[in-house]
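In: mind looking at a prediction? Sequence and model below.
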Amino acid sequence: LISGRYDTNQSTYWHLLPTYLSSFISSHSPLATTMSSSSGSAFAIGGYMLCSATLLISNKYAVHKLPAPSFVLFSQLAGTAIVVKTAQALGYIKCDALEKSKVVKFFPVALIFLSTIFLNMKSLQYANVETFMVFRFSTPLCISVADFLFLGRQLPSPRSWACLFALVVGAMGYARSDSSFEVKGYTFCALWYGVFCLDQIYLKHVVNTVKMDSNWGRVYYSNLLASAPLIFTFAGDSSELEALRSMDMSAAIAVGVSVVLGAAMSYFAWSARSLLSATSFTVVGNVCKLLTIAINVAIWDKHASPVGIVCLLFCLGSAYFYKQAPLRAEAKNENDGKELLPK
C-alpha cells in the first residue's frame, strides 16, 4: 500500500501472524502461566498484541494519505474519547464521569504519554529504527528493577534475567544485520528511555491505586486529557491545515480506521496492564514490535537478511520463556517497611 509493492498472498498469511502467535503465547508461555487462566486474560493480551502490531501499519497508511501526523494522533485520541462516551450514552458500556480527583491523577498520564511520543519522534529523527529498537528492547532490564523497588515485585529469576538480556542481544544482532544501522542520537534516545520507563511504572501505579468503575473509564480519561494539547500543534501548522483542506474520502476512511484501532488498542492496553506487571507488559510490547517488523518484512520492500530473521526468532523465543516475577510475600513486605508506591 505504501510502496506500491503489496503482495496479496503474503499479506493474508502475515497479517494473521499476530493472532496465531498471541494465541500460542497466551496459552503456552511461562509468562502466561503467572496470570489468571481465564479466557479474559488471553483475550486482553491477544487483543493488545494484535492491535499493537497492526496500529503502526494503519498509522503509516493514514499519514501517507493525509500528511498531517499531529491531526491523525489528535483524531485517534479525541475520537477514542468520543467513541467511549457515545457507547456509554447508548448503554453498551459503563464509563466513569469526569471527577477532579481522578483528573489530577490521570493528568500526569497524559503528560508522560505526549512526552514519550515527542521523544520517540526526536529519537527517530537522529537515530534509525534499528538503533532505536535496541534501546526499546533493553527497557525491561530497568523496569524490572523499578518493579522491585516501587511496586512490590520480586526481582526476576535467573532464567528470566537471561531472557531479558537475550532480548537485548537479539535486538542488537538484528540491528547489526541491517545495513542502515547507525549509532547516533544518544541524547534523545536516553531521554526517551527514562520517560518510557517512568510511563510503564506510573501507569501501573495508576491502575493499582485509582479506583475506576470500568476499564473504559481509564480509556476515556487518558485519551481525553492527552488530546487537548494536540489541538495547538496542528492548528498552528500551516502544512497540516493545507493537508486537511485537501483531504479526500480515502484519507478520511484511513484516519477513521486508525481511530477504531486506536480505541481498541487503548482498551486492550489498559486491560493488559491490570493483568501484568510493568516488566511483563513491556516484554509483551516488545513482542508486538517484532510482529510489526515481521509484517513489514513480509508485505513491503524492506526485507530482512537471513541473519536478521534468525535474530527476530531468537527474540521471540526469549520472550516466550520469560516468567513474570511474583509479588513479594505479605509478611516480607511488612517486615521490610513501607514501599514508595502501593502494589
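Out: The structure has been received and is ready for your questions.

In: give the buried residues for the helix or strand harbouring residue 134.
Out: Taking DSSP states H and E as the definition, one finds residue 134 inside helix 129-150. Within helix 129-150, the residues scored as buried using 16 or more other CB atoms under 10 Å are 129-144, 146-148, 150. Any C-beta I mention is one placed from the backbone N, CA and C, and that applies to glycine too.

In: again, but for stretch 231-247
Out: 233, 234, 237, 240, 243, 244.

In: next helix or strand past the host helix or strand of residue 254?
Out: Taking DSSP H and E as the criterion, residue 254 maps to helix 249-275. The C-terminal neighbour of helix 249-275 among helices and strands, as given by DSSP H and E, is helix 278-299.

In: that following helix versus helix 129-150: what angle between them?
Out: 160 degrees (axes from the mean of the first three to the mean of the last three CA atoms, to 10 degrees).

In: and helix 278-299, average pLDDT?
Out: Mean pLDDT, helix 278-299: 78.

In: residue 67 in helix, strand or coil?
Out: Counting by DSSP: H, G, I helix; E, B strand; the rest coil, the backbone at residue 67 sits in coil.

In: where does the stretch 1-150 of the chain dip in pLDDT?
Out: 1-40, 124-125, 127-131 (pLDDT under 70).

In: for it, just list every one of the helices.
Out: 8-15, 17-28, 30-33, 39-65, 69-89, 100-126, 129-150 (DSSP state H, counting those that start in this stretch).

In: who are the packing partners of the last one?
Out: To tie it back to what came earlier, the one meant is helix 129-150. Here helix 129-150 touches helix 100-126, helix 158-177, helix 186-209, helix 278-299, going by 3 or more CB pairs under 8 Å, 6 or more residues apart in numbering; DSSP states H and E.

In: return the distance of the first one from the chain's centre.
Out: In this view, helix 100-126 has its centroid 13 Å away from the chain centroid, taken as CA atoms, centre = their mean, to the nearest Å.

In: coming back round to it: run the chain-centre distance for the helix holding residue 254.
Out: Distance of helix 249-275 from the chain centroid (CA atoms, centre = their mean) equals 12 Å.

In: next one: stretch 54-66
Out: 16 Å.

In: residues of it that come out buried?
Out: 54, 55, 56, 57, 58, 59, 60, 61, 62, 63, 65, 66.

In: quick one: the nearest residue in space to the third one that is not next to it in sequence from residue 157, how far?
Out: Going back to what we said before, that points to residue 56. Closest residue in space to residue 56, ignoring its immediate chain neighbours: residue 292 at 5.1 Å, by CB to CB, 6 or more residues apart in numbering. For residue 292, the distance to residue 157 equals 29 Å [CB to CB, to the nearest Å].

In: excluding chain neighbours, what is closest to the residue positioned nearest the centre of the chain?
Out: Residue closest to the mean C-alpha point of the chain, counted by CA atoms, centre = their mean, is residue 285 at 5.2 Å. Spatial nearest neighbour of residue 285, excluding adjacent residues (CB to CB, 6+ apart): residue 52 at 6.7 Å.

In: now that neighbour: how far from residue 151?
Out: For residue 52 relative to residue 151 (CB to CB), the value is 22 Å.

In: same question, residue 49
Out: 23 Å.

In: ditto for residue 133
Out: Applying CB to CB to residue 133 and residue 151 gives a distance of 26 Å.

In: residue 215 now?
Out: Residue 215 is 19 Å from residue 151, by CB to CB.

In: go on, residue 252?
Out: Using CB to CB, residue 252 is found at 42 Å from residue 151.

In: the more surrounded of these two?
Out: residue 151 (22 against 14; other CB atoms under 10 Å).

In: unless I'm mixing things up, the more buried one is touching residue 204, no?
Out: Yes. Using CB atoms under 8 Å, residue 151 is in contact with residue 204, at 6.2 Å.

In: hang on, the earlier thing: dump the residue contacts of the residue nearest to residue 56.
Out: 52, 53, 54, 56, 57 (CB atoms under 8 Å, 6 or more residues apart in numbering).

In: in JSON lines, list those residues along with distance to residue 271.
Out: Output for these, formatted as JSON lines (distance: CB to CB, whole Å):
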{"residue": "52", "distance to residue 271": "13"}
{"residue": "53", "distance to residue 271": "17"}
{"residue": "54", "distance to residue 271": "17"}
{"residue": "56", "distance to residue 271": "20"}
{"residue": "57", "distance to residue 271": "22"}
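
In: of those residues, which pair is most distant in space?
Out: 52 and 57 (10.6 Å; CB to CB).

In: flag the shaky bits of the stretch 151-300 of the chain, pLDDT-wise.
Out: The low-confidence ranges in the stretch 151-300 of the chain, as defined by pLDDT under 70, are 178-185, 295-300.

In: gap between the closest residue to residue 55 other than its chain neighbours and residue 62?
Out: For residue 55, ignoring the flanking residues on the chain, the nearest one in space by CB to CB, 6+ apart is residue 261 at 4.8 Å. According to CB to CB, residue 261 and residue 62 sit 10 Å apart.

In: how about residue 281?
Out: On the measure of CB to CB, residue 281 and residue 62 end up 26 Å apart.
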